[in-house]
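**Q** Give me a model of this one.
(2 chains)
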Amino acid sequence: MPQAKQRAEAAMAAADTDWNERGELEVLTFDVGGETLALEATMVREILDLLPETLVPGAPALVRHVVNFRGRIVPVADLRLAFAMEAAETTPDSRIVVIELPIDGEQTLIGLRTDHVREVATLSAGASEEAPVVGMRWQRDYVRRLVRWRDDLIILPDLSAIFAAVLSPRP
Amino acid sequence: MSEDPTATFRVEAGELLEQVEQGLLDLGHRLGDMALVNAVFRGLHTLKGSGAMFGFDALAAFTHHCESAFDRVRKGEVPATAELVSVILSARDHMAALVDGDAPKAEGDAILARLAAAVDAARGGGAGAAASAAVPAAQGWKMFFRLPADAMANGTNPLMLLDELRDLGEAEVRVRTDALPPLSELIPNECHLGWDVTLRGDISREAIEDVFIFVMDDMTLEIAPLGDEAPAEPVVVEDAPAVVAAAIEAAAPVAAAAGGPPAAAQPAVENVRVPAERLDALMDRVGELVIAQSRLSQLANNRHDLLLRSVTEDIERLAGELRDTMMVLRMVPVSSLFGRFRRLIHDLARETGKSIELQTSGETTEVDKTVIERLFDPLVHIIRNSCDHGLEAPADRLAAGKSETGLVKLSAHQAGGEVLITIVDDGRGIDRDRVRAKGEANGLIEPGQQLADEELFGLIFHPGFSTAAQVTNLSGRGVGMDVVKRTIESLRGSISVTSEAGKGSTITLRIPLTLAIIEGLLVRVGESRYVLPLSAVEECLELSLEEDLRSRGRSLITLRDRLVPFVRLRDLFGTGTRPDPHQKIVVVATGRERVGLVVDQIIGNHQTVIKSLSAFHRGVGSFSGATILGDGNVALILDVAQLVAMAQPREETLRAAS
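**A** The predicted structure follows:
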């Protein structure tokens, strides 16, 4: 499948995703607002049941709350807002996925609100595509790749871009 | 925690002695190892220097002999021998005793004698002792010495020097007061006395010079052998040693009695140095424990199990105590900081050719260790500025009717949750015109702009701002004061300057006691709880419903004939909840500005471990951090300075409108 090979090469050339030498990527998949998202498993620190959240008045909408994660104050991000998804009630399956990400040059713990945590999966670069220019309701630079996996289409979100937009909002 | 300023030295000495011991023990196995010889020499050398600095003169003098011996080994004049190592090891024990202040002098002398013998034996000639070094003058010495004026400020005690001379032999001391200034000019902690000492006995010139080894550089010392001018003394030469021995025996108990508090009063304190991050980690764990414990308490209260409750109460008490202990662990007295500036002043005086005296007070004030460490550099800058720009040259000071010696005062005291550190100099003060001219030249202010002193002096904290006409190697490059300000602000502190032309300047640093903990007032606004730093809270009032309605338009209350603006936190935070029928106003202040914060409920005092916010929330402005409450929830800490600043312009608009 030469097309897939090209795609894989293109995907591996993209600097922001660490596909291994076989063009694979180990991820944690989870659902947010009816879509399945995936993040590098190496980024994930912990999966938590919902915790009591504290509102930070005046904070950016995407990271409006903080929680106490083992004595540390961790912001909780709602990716629904980044992908313009509708707000939903929490369910017994709701979890907070704690990830570690460099923000403004310092390693920061961030909790991601998810509707359901699925599994650890291995994605392949060959099955991935760049986000299309049209036909997607999401802001294009928030998506690194779209990956086909089994019967699903999984979004590899670009968290750095999403959070950078929070820190310095576009005019 | 000990308040003894020498405690720091004791810790250091303990470590050095440990190091020396390890080195010696290793050396015993590998006599030829020069790296070990050097390590031991360095340890002894440091011990001698620090000992002298902290007034452990006996220790310093004793260590000096061992150091000299090792210096000869180091230079290859004498090979290291097992005997030498073992003598130095016993000398090390004697040094430890000297540090504790309970060493019999005779033992020290015996060790030194063995040391001399060991050195001689190692050199291969047992008979070298008499031939070496200075020829002792059988009858004694006549000497005169005078210490520099700042000797006592630098930690030298002339009485100790005299005592040491008396220990050498029969001494006759006469004081010379010819250099005393008139009473009106006398600065009581300066030393203007000189001493004539006649020392009788079989004493080497070296032994006398050893007494003065740490002040030798700056002092006047004249030593002449006795005998030329005193042949008529009816001293029978054979009797002299006996007299000397008697004198030593008589002097020893006196010296021991005068040598500070008895050893029993100072139980050995063991110290462990721990990296700060381990303390932080421990602090986090304790915080979690306290939270888990309060969850347990809630569970236990819902069950009617007496046994469970009693265990829970025990755990509650222990967790509380553990937290309190944890908080104290991080506090250290500022003496450890101030002590380091004596040397700085000494060096500055030498470099600038000015005579400078440092006075410190409030050294027992305790501050978080991290704060102390981060205060050092800013204080160095400030003190350098005071000495270099503030204090005038001696001639100018005399012309201005001041004493020749410039004074720099460093003091600390605690005020609420803050520590105030002030640096005062009695120099020429800050030149307002020059600051203004420089500010105008740099475009920081408009020409002719009216400025309050505060604003004008605030200019010196701008990057690249220096009024020094001459750049010296100490200061005047315009780097420093802006860095100072940034450092202080990063510690959640503030800095202010006042100055009077011709009289000097005062720089005040206000620093929170700790970066980790604040005493807070827990309040409720809508459904959320917030913490206000208690140090900023002035008072709490009730906002009656009538006043609330009446003040809808203007948000001002009258407080003791002053209008104080207030902010409804419910509106500010957009809680969308109905106000409580009995709202409260918490009046907070920073500096002279006050503002009332309307809250729904005052819950009470709350000692709080401060946690920093992530980059997302740092920019929000109204919050300086967050904390974890007893039930595990997060409460935000209000940034009072921001809230006050936010409320002030409105007050000004109102004032203009009325």
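**Q** so which residue of chain B comes closest to chain A?
**A** Residue of chain B nearest chain A, by Cβ to the nearest Cβ: B:Phe573 (3.6 Å). Just so you know, the C-beta spots here come from the backbone N, C-alpha and C atoms, and that holds for glycine as well.
**Q** So that residue sits against B:Val525, correct?
**A** Yes: B:Phe573 lies in contact with B:Val525 (Cβ atoms under 8 Å); the separation is 6.0 Å.
**Q** For those two, indicate the residue with more neighbours.
**A** B:Val525 (25 against 19; other Cβ atoms under 10 Å in any protein chain shown).
**Q** interface residues of chain A facing chain B?
**A** Residues of chain A lying close to chain B (Cβ under 8 Å from any Cβ of the partner chain) are A:52, A:54-60, A:63, A:66-68, A:70-75, A:103-104, A:106, A:108-110, A:163, A:166-167.
**Q** Could you rerun that using 10 Å?
**A** A:51-60, A:62-75, A:77, A:103-106, A:108-110, A:163, A:166-168 (Cβ under 10 Å from any Cβ of the partner chain).
**Q** Of these, keep whichever come out buried.
**A** A:51, A:53-57, A:59-60, A:62-69, A:71-75, A:77, A:103, A:108-110, A:163, A:166 (16 or more other Cβ atoms under 10 Å in any protein chain shown).
**Q** follow-up on the earlier one: take the residues of chain A next to chain B and keep only those in helices.
**A** A:Phe163, A:Val166, A:Leu167 (DSSP state H).
**Q** now the second one, nearest residue through space, not along the chain?
**A** On the basis of Cβ to Cβ, 6 or more residues apart in numbering or on different chains, the spatially nearest residue to A:Val166 that is not a chain neighbour turns out to be A:Pro60, at 4.7 Å.
**Q** got it, and the first one?
**A** The shortest distance from A:Phe163 to any non-neighbouring residue, by Cβ to Cβ, 6+ apart, is to A:Ile103 (5.7 Å).
**Q** For the one you found, give me the pLDDT.
**A** The model reports A:Ile103 with a pLDDT of 85.
**Q** isn't it right next to A:Ser168, touching?
**A** No: at 11.7 Å, A:Ile103 does not count as touching A:Ser168 under the criterion of Cβ atoms under 10 Å.
**Q** Which single residue of chain A approaches chain B most closely?
**A** Taking Cβ to the nearest Cβ, chain A has A:Pro57 as its residue nearest chain B, at 3.6 Å.
**Q** of all the residues in the stretch 251-400 of chain B, which ones are close to chain A?
**A** So the stretch 251-400 of chain B meets chain A at B:Ala281, B:Met283, B:Asp284, B:Arg285, B:Val286, B:Gly287, B:Glu288, B:Leu289, B:Val290, B:Ile291 (Cβ under 10 Å from any Cβ).
**Q** which is the next helix or strand following the helix or strand of chain B with the lowest mean pLDDT?
**A** Among the helices and strands of chain B, helix B:128-131 carries the lowest confidence by mean pLDDT, DSSP states H and E, at a mean of 38. Per DSSP states H and E, the first helix or strand lying C-terminal to helix B:128-131 is strand B:140-146.
**Q** what's that following strand packed up against?
**A** If you count contacts as 3 or more Cβ pairs under 10 Å, 6 or more residues apart in numbering or on different chains; DSSP states H and E, strand B:140-146 packs onto helix B:158-168, strand B:170-176, strand B:194-200, helix B:205-211, strand B:220-225.
**Q** Show me how far the second one is from its chain's centre.
**A** In this case it means strand B:170-176. 37 Å (Cα atoms, centre = their mean, to the nearest Å).
**Q** How about the shortest one?
**A** For strand B:220-225, the distance from its own C-alpha centre to the chain's C-alpha centre is 38 Å (Cα atoms, centre = their mean).
**Q** buried ones in that strand?
**A** Buried, per 16+ other Cβ under 10 Å, within strand B:220-225: B:Ile223, B:Pro225.
**Q** and for that strand, what are the contacting residues?
**A** Here strand B:220-225 makes contact (Cβ atoms under 10 Å, 6 or more residues apart in numbering or on different chains) with B:135-148, B:194, B:196-197, B:199, B:205, B:208-209, B:211-212, B:215.
**Q** Any of these buried? List them.
**A** In the contacts of strand B:220-225, the ones that pass as buried (16+ other Cβ under 10 Å) are B:136-137, B:139-143, B:145-148, B:194, B:197, B:199, B:205, B:208, B:211-212, B:215.
**Q** what about the residue nearest to B:Leu597 when sequence neighbours are not counted, which helix or strand?
**A** The shortest distance from B:Leu597 to any non-neighbouring residue, by Cβ to Cβ, 6+ apart, is to B:Val586 (4.8 Å). Using DSSP H and E, B:Val586 falls within strand B:583-590.
**Q** and after that strand, which helix or strand comes next?
**A** According to DSSP H and E, the helix or strand after strand B:583-590 is strand B:593-599.
**Q** Who does that next one pair with, and is each partner parallel or antiparallel?
**A** Strand partners for strand B:593-599, identified by DSSP bridges, are recorded as strand B:562-568 (parallel), strand B:583-590 (antiparallel).
**Q** and the first one, which residues are buried?
**A** Taking 16+ other Cβ under 10 Å as the basis for neighbour counts, the residues of strand B:562-568 that come out buried are B:Val564, B:Pro565, B:Phe566, B:Val567, B:Arg568.
**Q** What degree of burial does B:Glu313 show, as a neighbour count?
**A** Neighbour number of B:Glu313 under other Cβ under 10 Å is 12.
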